[in-house]
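> let me see the structure of the following:
(one chain, ligands or ions: 1)
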Amino acid sequence: MMNETFTIAGVTFRNRVLVASGTFGYGDEVPELVDADKLGGIVTKSLSMKPRDGNPAPRIAETASGMLNSIGLANIGVQKFIDEKIPKLSSFASTVIANIAASSVEEYCAVLEALDPFKVVAGFEINVSCPNVKEGGLSFGTDKVKVALITRELRRRTKKPLIIKLTPNVTHISEFALAAESEGADAVSVINTLIGMAIDIRTRKTRISTITGGLSGPAIKPIAIAKVYEVYRAVQIPIIGIGGITSWEDAVEFLLAGASAVQIGTYNFVDPSAGVKVAEGIKLFCEKQSIGNVGELVGAMEAQRSLSVIESWL
Ligand code: RRO
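The predicted model follows:
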């Protein structure tokens, strides 16, 4: 039997393919054609303490091989999630990870403490990397001391898996992964979106209301793989790779670069069953290659005489 599972801090995921925060709602509005129970896990849209309306429209723009978003952390707030979403999620076979975003350390702690008692919330992904809010977001994620502080305070408050979601909008992402690891994070998610911008040349207006937004989709895949590789060289904790995955082949690339698992993001908007298909594709690939455990692929990129520039940073 092929072993597709992986474990973070005692929580086992049925396979190594999750759906990324912000691309699958709160996990309860899954289209009928998608068998979400076949996913390794579902990461919720970022939750803050109070509900948020998010940024004004337009907040999405399609770009070459990708898209810009500036949703601005629109979400229903933690209490409504507890009252209305948690009861529906309890019947799920796949693992539910709550993503938390906040504008202060206190708010991160309060949201985590509100969710921690619920069994269906298997773990937490901490968003220190939203590019589209003035408070919190990148002001935390681009400051190593703050990433360390947030991780430390949350670690004291939960025994569940604590996954820190990092931004690529820094010089050396591995330093931020090390900061999270040193304060007890169980894993890191690599990467959130890259800051990008697009202008409509006829109206001369930017194509999203906040001028800049977060770039995602296949356009960022090679960047994401390089960031996963950089982080893999620096830390011992598992890495969840994210960025432009549309196929099982893409996912295998992330695993070979050092990701223990992957998340499908933007491509869910094209095909909400992409995660299930990617998981099935990885399984078939491993069977054909006589690989008994998908984990054998993690970091198993062919050793090459090192010409990498990244290594000089580590
Ligand atoms: O809501 C958003 O604008 C958003 C978030 Br919280 C995030 O983490 N990444 C992103 O690209 N957009």
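> the helices in this structure, which residues?
78-80, 86-89, 105-115, 138-141, 144-155, 173-182, 221-234, 248-257, 274-288 (DSSP state H).
> what residues does the stretch 51-200 of the chain have near the ligand?
69-73, 101, 127, 129-132, 192-193 (C-beta under 6 Å from any ligand atom). C-beta coordinates here come from the backbone N, C-alpha and C atoms, glycine included.
> in strands, which of the residues you listed appear?
Judged by DSSP state E, those include 69, 127 as members of strands.
> same list (the residues of the stretch 51-200 of the chain next to the ligand) but as TSV, adding distance to residue 201.
As requested, these are exported to TSV (distance: C-beta to C-beta, whole Å):
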residue	distance to residue 201
69	21
70	20
71	25
72	25
73	30
101	34
127	33
129	30
130	28
131	24
132	23
192	28
193	23
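> closest to residue 202 among the residues of the stretch 51-200 of the chain next to the ligand?
Using C-beta to C-beta, residue 70 comes nearest to residue 202 of these, at 20.7 Å.
> list the contacts of that closest one.
By C-beta atoms under 8 Å, 6 or more residues apart in numbering, the contact list for residue 70 reads 55, 59-60, 132, 208-210, 212-214.
> mind checking how far the closest residue to the ligand within the chain is from residue 53?
Using C-beta to the nearest ligand atom, residue 214 is the residue of the chain that sits closest to the ligand, at 2.8 Å. Separation of residue 214 from residue 53 (C-beta to C-beta, to the nearest Å) stands at 18 Å.
> who has more neighbours out of these two?
Counted by other C-beta atoms under 10 Å, residue 214 and residue 53 do not tie: residue 214 has more neighbours, with 25 against 9.
> count of residues packed around the closest residue in space to that one that isn't next to it in sequence?
Excluding its sequence neighbours, the residue lying closest to residue 214 (C-beta to C-beta, 6 or more residues apart in numbering) is residue 193, at 2.8 Å. Neighbours of residue 193 under the rule other C-beta under 10 Å: 28.
> just residue 172 next, same as before
Residue 172, neighbours per other C-beta under 10 Å, totals 16.
> phi, psi of it?
Main-chain dihedrals, residue 172, degrees, to the nearest 10: phi -130, psi 100.
> so it versus residue 307, what's the distance?
Separation of residue 172 from residue 307 (C-beta to C-beta): 18 Å.
> same check, this time on residue 87
54 Å.
> who has more neighbours out of those two?
When residue 87 and residue 307 are compared for neighbours, residue 87 comes out ahead with 12 against 6, by other C-beta under 10 Å.
> where in the protein is pLDDT low?
Counting by pLDDT under 70, the chain contains no low-confidence range.
> swap in 80 and give it another go.
Residues of the chain that meet the criterion pLDDT under 80 lie in 31-33, 303-314.
> what about it, which residue is the most distant from its middle?
Relative to the centre of the chain, and counting by C-alpha atoms, centre = their mean, the farthest-placed residue is residue 202 at 35.2 Å.
> most neighbours, which of the residues of the stretch 51-200 of the chain next to the ligand?
residue 127 (30 neighbours).
> so that one makes contact with residue 44?
No. Contact criterion C-beta atoms under 8 Å: residue 127 and residue 44 do not qualify, at 10.6 Å.
> which neighbours do these two share?
Here residue 127 and residue 44 share the contacting residues 21, 99, scored by C-beta under 8 Å, 6+ apart.
> now do the buried residues in stretch 54-71.
With burial defined by 16 or more other C-beta atoms under 10 Å, the residues of stretch 54-71 counted as buried are 55, 58-59, 61, 63, 66-71.
> how long is that stretch end to end?
6 Å (C-alpha to C-alpha, to the nearest Å).
> is residue 69 in a bridge, and if so with what?
residue 60, residue 214 (DSSP bridges).
> hang on, it packs against residue 212?
No. Using C-beta under 8 Å as the test, residue 69 is too far from residue 212 to be in contact (10.8 Å).
> quick one: residue 262 and residue 256 touch, right?
No. Applying C-beta under 8 Å, one finds residue 262 not in contact with residue 256, separated by 11.3 Å.
> out of the two, which sits in the busier spot?
For residue 262 versus residue 256, the count of surrounding residues by other C-beta under 10 Å is larger for residue 262: 31 against 17.
> show me what the more buried one bridges to in the sheet.
With DSSP bridges as the rule, residue 262 is bridged to residue 17, residue 241.
> so what's it up against?
Each residue near residue 262 by C-beta under 8 Å, 6+ apart is listed here: 16-18, 240-242, 245, 251, 254-255, 278.
> many thanks, have a good one.
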